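In: only geometry, no sequence info:
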Ligand SMILES: Nc1ncnc2c1ncn2[C@@H]1O[C@H](C[S@+](CC[C@H]([NH3+])C(=O)[O-])CC(=O)[O-])[C@@H](O)[C@H]1O
Ligand SMILES: O=C(O)C(=O)Cc1ccccc1
């Protein structure tokens, strides 16, 4: 499959509209995310390996905000636990259509069911793994705790949540430095200053980011017993959160 280059913000726009996961974004998404998120390939690959450690036999794995299915395919390639099946959901029709064709192109033991659905009103079945790879940041801040609580409740004891997010920092010096290093990373990957600033404006109203402390407090508040950042690069972080076994607290 040839990868289309992202040039969505390359020409000056009179008015920058809010960022949306529409057909235009879906058509360039692999290029966009690889050139925009430091460590994206490492994160996706490691999620596949974590799935192999934490998947429980004959259970479900959820890939939430699956976009083109990179996480689902990484799990499919790396997880050898018997009887596992993946449900990949996204509320963008354009993403789900393309995700389905990517999934169709891969053979392997684990079935992947791709669905158009909104995480906010989805009824989750019991599961051993849930992945939110750069998805919670697009959900309203006021809704985040109830979403995480719903996911915690769906997880089986010993279940794993992987949460990856762009983050902000209280310390203005640290925050400015990490944002600047991220912009430098984007420039090194061929984005111009215009592309960087127009995309930043497009994301301003739709991607509200929390501090790492806020994320960790939320994960602990909802009941996760182990909360550990396992990846960090500039203002991008990925955590594992594990639901303890009931008898651990006896
Ligand atoms: N309420 C919602 N319900 C369902 N999907 C949603 C919702 N809100 C946003 N999305 C979807 O979440 C995805 C976020 S991208 C994830 C990358 C992927 N995980 C990857 O590992 O390649 C991250 C990014 O582009 O920074 C988009 O496809 C949205 O349509
Ligand atoms: O591009 C950025 O600045 C980001 O923060 C990451 C990103 C990647 C893909 C879609 C939306 C945001």
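Out: Here it is on my side, so go on. Because the structure is predicted, anything quoted here is derived from the model rather than measured. Numbers count the residues shown, from 1 in each chain. Ligands and ions are numbered 1, 2, ... in the order given.

In: Show me the longest helix that occurs in the protein.
Out: For the chain, the helix with the greatest residue count under DSSP state H is helix 172-188.

In: Quickly list what residue 162 is bridged to.
Out: Using DSSP bridges, the bridge partners assigned to residue 162 are residue 131, residue 240.

In: That one touches residue 242, doesn't it?
Out: No - between residue 162 and residue 242 there is no contact under C-beta atoms under 8 Å: 10.3 Å. Where you see a C-beta, it was placed from the backbone N, CA and C, and this is true even at glycine.

In: okay, those two: which has more neighbours?
Out: Neighbour comparison, residue 162 and residue 242: the larger count goes to residue 162, with 23 against 18 (by other C-beta atoms under 10 Å).

In: now for the longest helix of the chain, which elements pack on it?
Out: helix 193-203 (3 or more C-beta pairs under 8 Å, 6 or more residues apart in numbering; DSSP states H and E).

In: Flag every buried residue along the following helix or strand past the helix it packs on.
Out: Beyond helix 193-203 on the C-terminal side, the first helix or strand identified by DSSP states H and E is helix 212-221. Neighbour-count burial for helix 212-221, counted by 16 or more other C-beta atoms under 10 Å, picks out 212, 214, 215, 216, 218, 219.

In: Can you name the element that comes right after helix 212-221?
Out: strand 226-233.

In: which non-adjacent residue is nearest the spatially most central residue of the chain?
Out: Centroid-nearest residue in the chain, with C-alpha atoms, centre = their mean: residue 133, separated by 1.4 Å. Leaving aside its chain neighbours, residue 133 sits nearest to residue 164 (4.7 Å; criterion: C-beta to C-beta, 6 or more residues apart in numbering).

In: Relative to ligand 2, how far out is residue 89?
Out: Distance, residue 89 to ligand 2, using C-beta to the nearest ligand atom, to the nearest Å: 18 Å.

In: And that residue, which helix or strand is it part of?
Out: Per DSSP H and E: strand 85-90 holds residue 89.

In: so what's residue 76 up against?
Out: By C-beta atoms under 8 Å, 6 or more residues apart in numbering, the contact set of residue 76 is 86, 106, 108, 109, 110, 112.

In: Could you pick out the residues of the chain near ligand 1 for me?
Out: Taking C-beta under 6 Å from any ligand atom as the contact definition, the chain meets ligand 1 at 21, 33, 44, 65-67, 70-71, 89-92, 95, 118-120, 133-135, 138-139.

In: residues near residue 227, how many?
Out: Neighbour count for residue 227, taken as other C-beta under 10 Å: 17.

In: same check, this time on residue 74
Out: For residue 74, the count of nearby residues is 23 (other C-beta under 10 Å).

In: any idea what the residue lying closest to it once chain neighbours are set aside is structurally, helix, strand or coil?
Out: Sequence neighbours aside, residue 48 is the residue nearest to residue 74 in space, at 3.5 Å (criterion: C-beta to C-beta, 6+ apart). Counting by DSSP: H, G, I helix; E, B strand; the rest coil, the backbone at residue 48 sits in helix.

In: if I pick residue 126, what's in contact with it?
Out: Listed by C-beta under 8 Å, 6+ apart, the contact partners of residue 126 are 59, 60, 154, 155, 156.

In: Nothing else from me, thank you.
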